[in-house]
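Participant: Based on what follows, work out the 3D shape:
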Amino acid sequence: MHIESATQDDIDMACKRFKLDENILVDALDMFEVPRIEKDEGKTYLFTRFVYGSVSAAKTAPLLIVVGPDFFLTITPQKMDAVESVIKSSDFYSTQKTKLLIQLLLTLDRDFEKYIKTIAKDIHRVTVNIEEIDNKSLISFVNYEYVFNDFLLGLRPDNNTLEKLLSGKYVRLFEEDKELIEDLYLTNEQLINMSQANIKYLVNIRDSYSTITSNNLNKTMKFLTSITLILTIPTMVFSYYGMNVHLPLDSNPLAFIYIIVGTILVSTLLLWYFNKKDLL
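Facilitator: Predicted coordinates for the structure are as follows:
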């Protein structure tokens with residue numbers, strides 16, 4: 001039985017029908033429930049998380065899997081497509097509860113992998129020309145970082161759950177089942193490493209972009225400062241000779257030419273100096 005978009009009425013029905021612990025099942029409605037595994041009165045309660053939504057707004061939601069002597073129950077507060085994928089697969093057998101559990105967990109990990117690879121491709125596509133990154137891209141990077149952190153909140157505790165499953169205390173395991181769980185553990189570890197690598201890459205991109213932006217800003221400030229100093233010389237000279245007082249060359253008929261030539265000469269020297277010092 002699969003219950004999605006579960007409500008309290010669904011919890012009450014499942015508890016009554018399968019004689020389950022209501023306190024544990026209520027946790028399945030908590031969107032922030034972390035993966036774990038428990039066993040009570042011969043029934044195994046395994047909490048995990050699955051990914052849903054669009055790639056740009058991916059989120060994770062809790063999934064409770066209950067394995068009993070004669071039933072297999074899944075409960076989630078969100079709509080979930082992974083269960084339907086498992087049911088439609090060619091090797092689906094509802095009577096093999098342990099195999100069904102592993103198959104479902106593998107499907108959830110494949111979904112995580114698809115999201116991670118799609119996001120990673122989008123990040124690399126945008127960062128081909130890092131200098132052309134705009135504010136919209138930076139906002140999407142921050143959102144992707146949140147998504148990867150959300151993935152880690154589900155994937156990391158899952159490994160502890162898988163280690164407990166391997167002990168054989170929670171469900172009956174055959175040799176083939178142990179190999180599948182070990183493969184699942186390795187896959188899960190790989191997904192964790194991929195998420196951490198992408199988070200580190202996003203942080204490095206932001207740091208690089210900040211460095212480039214700061215460097216460009218410094219260049220702009222240097223350029224504006226140099227231009228201001230160059231324009232200050234003629235401004236000061238013309239200001240002095242605009243005063244109604246006696247000044248050098250005030251009676252010389254060539255005063256205007258001297259002032260213009262002198263101003264141009266000083267400004268040219270400043271221009272050459274600032275250009276030599278790479279301030280322009």
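
Participant: hey, let's count contacts and neighbours off CA atoms from now on
Facilitator: Noted.

Participant: For the host helix or strand of Arg110, the averaged confidence score.
Facilitator: In the assignment (DSSP states H and E), Arg110 maps to helix 97-126. For helix 97-126, mean pLDDT is 89.

Participant: elements contacting it?
Facilitator: Applying 3 or more Cα pairs under 8 Å, 6 or more residues apart in numbering; DSSP states H and E, one finds that helix 97-126 contacts strand 43-52, helix 82-88, helix 135-166, helix 175-240.

Participant: list the helices and strands the first one packs on?
Facilitator: The elements that strand 43-52 packs onto, with contact taken as 3+ Cα pairs under 8 Å, 6+ apart, are strand 36-40, strand 59-67, helix 97-126, helix 135-166.

Participant: coming back round to it: deepest-packed of the helices and strands packed on helix 97-126, please.
Facilitator: For the helices and strands packed on helix 97-126, the largest average neighbour count (mean count of other Cα atoms under 10 Å) is found in strand 43-52, namely a mean of 23.

Participant: and Val171, what helix or strand is that in?
Facilitator: With DSSP H and E as the test, Val171 turns up in no helix or strand.

Participant: what do you get for Leu249?
Facilitator: Short version, using DSSP H and E: Leu249 is in no helix or strand.

Participant: so who does it touch?
Facilitator: Residues counted as contacts of Leu249 (Cα atoms under 8 Å, 6 or more residues apart in numbering) are Ala255.

Participant: three-state assignment of the residue of the chain positioned farthest from its centre?
Facilitator: The centre of the chain is farthest from one residue, Ser251, which by Cα atoms, centre = their mean lies 74.3 Å away. State at Ser251, reduced to three classes by DSSP: H, G, I helix; E, B strand; the rest coil: coil.

Participant: Touching, Thr60 and Arg49? I think so.
Facilitator: Yes: at 6.1 Å, Thr60 and Arg49 qualify as touching, with contact defined as Cα atoms under 8 Å.

Participant: Please identify every residue contacting each of these two.
Facilitator: In terms of Cα under 8 Å, 6+ apart, Thr60 and Arg49 are both contacted by the residues Gly154.

Participant: about what we covered before: can you list the helices and strands packed on strand 43-52 in JSON lines and add distance to Lys200?
Facilitator: As requested, the helices and strands packed on strand 43-52 are exported to JSON lines (distance: least, Cα to Cα, whole Å):
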{"stretch": "strand 36-40", "distance to Lys200": "27"}
{"stretch": "strand 59-67", "distance to Lys200": "20"}
{"stretch": "helix 97-126", "distance to Lys200": "12"}
{"stretch": "helix 135-166", "distance to Lys200": "9"}
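
Participant: Ok, which of these comes nearest Asp12?
Facilitator: Closest of these to Asp12 is strand 59-67, at 14.7 Å (criterion: Cα to Cα).

Participant: ok, residues contacting the closest one?
Facilitator: For strand 59-67, contacts defined as Cα under 8 Å, 6+ apart pick out 25, 28-35, 43-53, 72-78, 97, 101, 147, 150-151, 154.

Participant: If I take that strand and strand 36-40, what angle do their directions form?
Facilitator: Interaxial angle, strand 59-67 versus strand 36-40 (axes from the mean of the first three to the mean of the last three Cα atoms, to 10 degrees): 20 degrees.

Participant: The helix or strand following strand 59-67: which residues count as buried?
Facilitator: Remark: after strand 59-67, the chain's next helix or strand is strand 72-75, criterion DSSP H and E. Residues of strand 72-75 classed as buried: 72, 74-75 (neighbour count, 16 or more other Cα atoms under 10 Å).
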